[in-house]
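Peer 1: Provided below for reference: sequence and predicted model.
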Amino acid sequence: MELRARLGKIEEMKERIEELETALQNCEIQIEYLKANEDRQNERLHYFQNQVRNRDHIMGEAVVQIREVANHL
């Protein structure tokens, strides 16, 4: 009887191992998704930073031109 109990326990442990392996695979998939999403978000961040830089440059040029016009008046 003790042998059957041990075999039952082994089967339970095998099932638990399968569950844990599945959970691990799901976590690995989630990590890959998050890494890809992080890369996309970093690309967007750099895009918007460049837009701000360009806008600041254009505004700086506009301020210089406005000052030049104001000096002529």
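Peer 2: Structure received.

Peer 1: What score does R44 have for pLDDT?
Peer 2: pLDDT, R44: 97.

Peer 1: Next, count neighbours for it.
Peer 2: Neighbour count for R44, taken as other CB atoms under 10 Å: 10. Every residue, glycine included, has its C-beta placed from N, CA and C.

Peer 1: where's A36 relative to I29, distance?
Peer 2: From A36 across to I29, the span is 11 Å (CB to CB, to the nearest Å).

Peer 1: Can you give me the pLDDT of the most centrally placed residue in the chain?
Peer 2: What sits nearest the mean C-alpha location of the chain, by CA atoms, centre = their mean, is E38, with 2.2 Å. What the model reports as pLDDT for E38 is 97.

Peer 1: Could you do the one 3 residues further on as well?
Peer 2: The model reports Q41 with a pLDDT of 97.

Peer 1: Can you give me the neighbour number for it?
Peer 2: By other CB under 10 Å, the residues close to Q41 number 10.

Peer 1: Please identify which helix or strand holds H57.
Peer 2: Take DSSP states H and E as the rule and H57 turns out to sit in helix 2-72.

Peer 1: just checking, what packs against that helix?
Peer 2: With contacts taken as 3 or more CB pairs under 8 Å, 6 or more residues apart in numbering; DSSP states H and E, helix 2-72 sits against no other helix or strand.

Peer 1: Distance check, R4 against E11.
Peer 2: Separation of R4 from E11 (CB to CB): 10 Å.

Peer 1: oh, I was asking about I17
Peer 2: On the measure of CB to CB, I17 and E11 end up 11 Å apart.

Peer 1: Equivalent analysis for V64, please.
Peer 2: 80 Å.

Peer 1: Next one, pLDDT for L3 please.
Peer 2: Model confidence at L3, given as pLDDT, is 85.

Peer 1: how much space between it and K14?
Peer 2: Counting by CB to CB, the separation of L3 from K14 is 16 Å.

Peer 1: Please identify which of those two sits among more neighbours.
Peer 2: Between L3 and K14, counted using other CB under 10 Å, K14 has the larger neighbour count: 10 against 7.

Peer 1: Thanks again, I'm all set now.
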